[in-house]
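1. coordinates only, sequence not included:
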């Protein structure tokens, strides 16, 4: 029997607000444990939460960007469960009346476009963090993260493979980054994903028994965990065994998912409206006000890069994956109006260095102005393309202007025909055998002669002139 994979993703995006969702404590990452806390986020008796308006605004931005219907009336609820990192014994979230529902985003996998539905987007507070001692059988609790604002984005079960799941996550991360509401850092936990996965016989409408996967903090982990779980469930079904509804953890070291606990249902959390928070009412004027502030989103920007700059689809895809990278590219184009050449240098030279150091484009030592100047220097013959790569390496290392580097290192390209002809005569006189072979029909030896000239001039000779003069002297 053949089986169809059914996947739904629950993504938690930590919002880039300065303070928490219901108090004024800082959300800054990396502070000493339990220093960003107060009676409100610690759930002390008698305290009252106050909603952070910026959290609602960020929720509206994402809802509009993902084609969701925004509720004029929504409500916070208490999600009750016990865990050491949850000081109140409940989490303030939204349940029956979320802020947004019924949206969608488009993805593309292997050249095929697909629409993935979004069931809902809701606001909630984060829990704390347990830190496990590696030497003692104890765990510590850090409440700094308690009360940090989250948006939970729940997809429809429209995803049919691990490739589609990763494409969906990447698109969603691109969107929250473009909106500047979340940094999308999976390693630090500010963009987290849980996956619900089941298998069913092809053609069957009813869903199979699902498992929930947790502990996936990179796209690679998501893909590997889903692929493993698909194989595991299919193997059980083929053997006539039942799938247990449970929560499973991805273990990177073993490359397996491991059973953690039985999967909870909504009624297990005993949701009820939070009595300390009034229902949230959002009028159409505020929605329109937020709509006007939306930036150009990834799909729109990619389409514009194709039409306005004539870039290939691959280039446009790479350059628009990050808003900062797209901005960098356009800043270069303003100074040097050859988009494809800029794209080539960014994707080959610049991104290689950035990736090697795991560095963000915002921290790039090569400014758009300096990259544009470098390319102009190639065009006007000041330096060759080969020398330009040497200059670029120094630019990346020091942040210096390319003109200054060329001047300091004496890298100006030799364009004097007489000087080049003199070097060519030396090369030809030193290699009479190769000259004879060339004239005998081995024309591929031209490359050898060019190489010898470039070696003697330390790469400074204009390659075009070298080829022209060599042909004149050899033919």
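-> Done, it's in. Computed from a predicted model, the values in this text were never measured in an experiment.
2. show me which residues of stretch 148-158 are buried.
-> Under the neighbour-count criterion of 16 or more other CB atoms under 10 Å, stretch 148-158 has 148-158 buried. Using the backbone N, CA and C atoms, a C-beta is placed for each residue, glycine as well.
3. would you reformat these as JSON lines and include pLDDT and distance to residue 278?
-> Converted to JSON lines, the buried residues of stretch 148-158 look like this (pLDDT from 0 to 100; distance: CB to CB, whole Å):
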{"residue": "148", "pLDDT": "97", "distance to residue 278": "22"}
{"residue": "149", "pLDDT": "98", "distance to residue 278": "18"}
{"residue": "150", "pLDDT": "98", "distance to residue 278": "21"}
{"residue": "151", "pLDDT": "98", "distance to residue 278": "20"}
{"residue": "152", "pLDDT": "98", "distance to residue 278": "21"}
{"residue": "153", "pLDDT": "98", "distance to residue 278": "25"}
{"residue": "154", "pLDDT": "98", "distance to residue 278": "25"}
{"residue": "155", "pLDDT": "98", "distance to residue 278": "30"}
{"residue": "156", "pLDDT": "98", "distance to residue 278": "31"}
{"residue": "157", "pLDDT": "97", "distance to residue 278": "34"}
{"residue": "158", "pLDDT": "97", "distance to residue 278": "35"}
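4. now for those: which two are most distant?
-> Largest separation among the buried residues of stretch 148-158 by CB to CB: 148 and 158, giving 29.2 Å.
5. shaky segments in the stretch 351-475 of the chain?
-> 413-416 (pLDDT under 70).
6. pLDDT averaged over the longest helix belonging to the chain - what is it?
-> Scanning the chain for the longest helix, with DSSP state H as the assignment, gives helix 219-238. Taken as a whole, helix 219-238 has a mean pLDDT of 96.
7. OK, contacts around residue 77?
-> Neighbouring residues of residue 77 by CB atoms under 8 Å, 6 or more residues apart in numbering: 92-96, 271-274.
8. quick revisit: which residues touch the longest helix of the chain?
-> By CB under 8 Å, 6+ apart, the residues outside helix 219-238 that reach it are 1, 3, 5, 7, 162-163, 165-166, 169-170, 186, 193, 195, 197-199, 208, 211, 213, 215-216, 242-243, 248, 250, 252, 255-257.
9. ok, the residue nearest to residue 119 when sequence neighbours are not counted to residue 10 distance?
-> In this structure, residue 119 finds its nearest non-sequential neighbour in residue 154, 4.5 Å apart by CB to CB, 6 or more residues apart in numbering. Going from residue 154 to residue 10 by CB to CB, to the nearest Å gives 5 Å.
10. any common contacting residues for those two?
-> By CB under 8 Å, 6+ apart, no residue touches both residue 154 and residue 10.
11. circling back: the inter-axis angle of whatever helix or strand comes next after the longest helix of the chain versus helix 219-238?
-> On the C-terminal side of helix 219-238, the nearest following helix or strand under DSSP states H and E is strand 246-251. Inter-element angle recorded for strand 246-251 and helix 219-238: 130 degrees (by axes from the mean of the first three to the mean of the last three CA atoms, to 10 degrees).
12. any residues touching strand 246-251, and which ones?
-> So strand 246-251 is contacted by 211-216, 221, 224-225, 228-229, 256-264 (CB under 8 Å, 6+ apart).
13. what strands line up against it, and which way round?
-> Sheet pairing of strand 246-251 (DSSP bridges) gives strand 211-216 (parallel), strand 256-262 (antiparallel).
14. what's the average pLDDT for it?
-> According to the model, strand 246-251 has a mean pLDDT of 93.
15. count the neighbours of the spatially closest residue to residue 248 that is not a sequence neighbour for me.
-> Taking CB to CB, 6+ apart, and ignoring the residues beside it in sequence, residue 248 has residue 257 as its nearest neighbour in space, at 4.2 Å. A count of neighbours around residue 257, defined by other CB atoms under 10 Å, yields 25.
16. wait, what's in contact with residue 257?
-> Contacts for residue 257 were tallied using CB under 8 Å, 6+ apart; they are 211, 213, 225, 228-229, 232, 248-251.
17. contacts only, for residue 128.
-> By CB under 8 Å, 6+ apart, the contact set of residue 128 is 84-87, 141-146.
18. run the last query once more with 10 Å
-> With CB atoms under 10 Å, 6 or more residues apart in numbering as the criterion, the residues that contact residue 128 are 33-34, 37, 41-42, 83-87, 141-148.
19. pretty sure residue 94 contacts residue 154?
-> No. Look at residue 94 against residue 154 with CB atoms under 10 Å: they stay out of range, at 11.1 Å.
20. what do these two both touch?
-> With CB under 10 Å, 6+ apart as the test, residue 94 and residue 154 both reach 120-122.
21. which of the helices or strands spans residue 152?
-> Assigned by DSSP H and E, residue 152 belongs to strand 149-155.
22. avg pLDDT for the very next helix or strand once past that strand?
-> Where DSSP H and E defines the elements, the next helix or strand beyond strand 149-155 is helix 162-179. For helix 162-179, mean pLDDT rounds to 97.
23. before we move on, back to that, could you turn the buried ones of the shared contacts of residue 94 and residue 154 into a PyMOL selection?
-> Those of the shared contacts of residue 94 and residue 154 that count as buried under 16+ other CB under 10 Å are selected in PyMOL with:
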select buried, resi 120+121+122
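24. need the shared contacts of residue 94 and residue 154 in CSV (columns: secondary structure).
-> Output for those, formatted as CSV (DSSP: H, G, I helix; E, B strand; the rest coil):
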residue, secondary structure
120, strand
121, strand
122, strand
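25. quick check: of the shared contacts of residue 94 and residue 154, which lies closest to residue 341?
-> Distance to residue 341, by CB to CB, is smallest for residue 121 among these, at 41.1 Å.
26. one step back: check contacts around the residue nearest to residue 119.
-> By CB under 10 Å, 6+ apart, the contact set of residue 154 is 8-11, 98, 101, 117-122, 194, 196.
27. 7 Å instead, please
-> For residue 154, the contact set (CB atoms under 7 Å, 6 or more residues apart in numbering) comprises 10, 119-120.
28. do the same with residue 156
-> Per CB under 7 Å, 6+ apart, neighbours of residue 156: 8, 116-119.
29. now the residues you listed as TSV including secondary structure?
-> Below are these laid out as TSV (three-state DSSP):
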residue	secondary structure
8	strand
116	strand
117	strand
118	strand
119	strand
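30. my read: residue 65 touches residue 297, true?
-> Yes. Contact criterion CB atoms under 7 Å: residue 65 and residue 297 qualify, at 5.9 Å.
31. hey, what's in contact with both of the two?
-> residue 175.
32. run through who's touching stretch 382-395.
-> Contact partners of stretch 382-395, identified using CB under 7 Å, 6+ apart, comprise 349, 366, 370, 374, 377-378, 400, 402, 405-406, 411-413, 459-460, 462-463.
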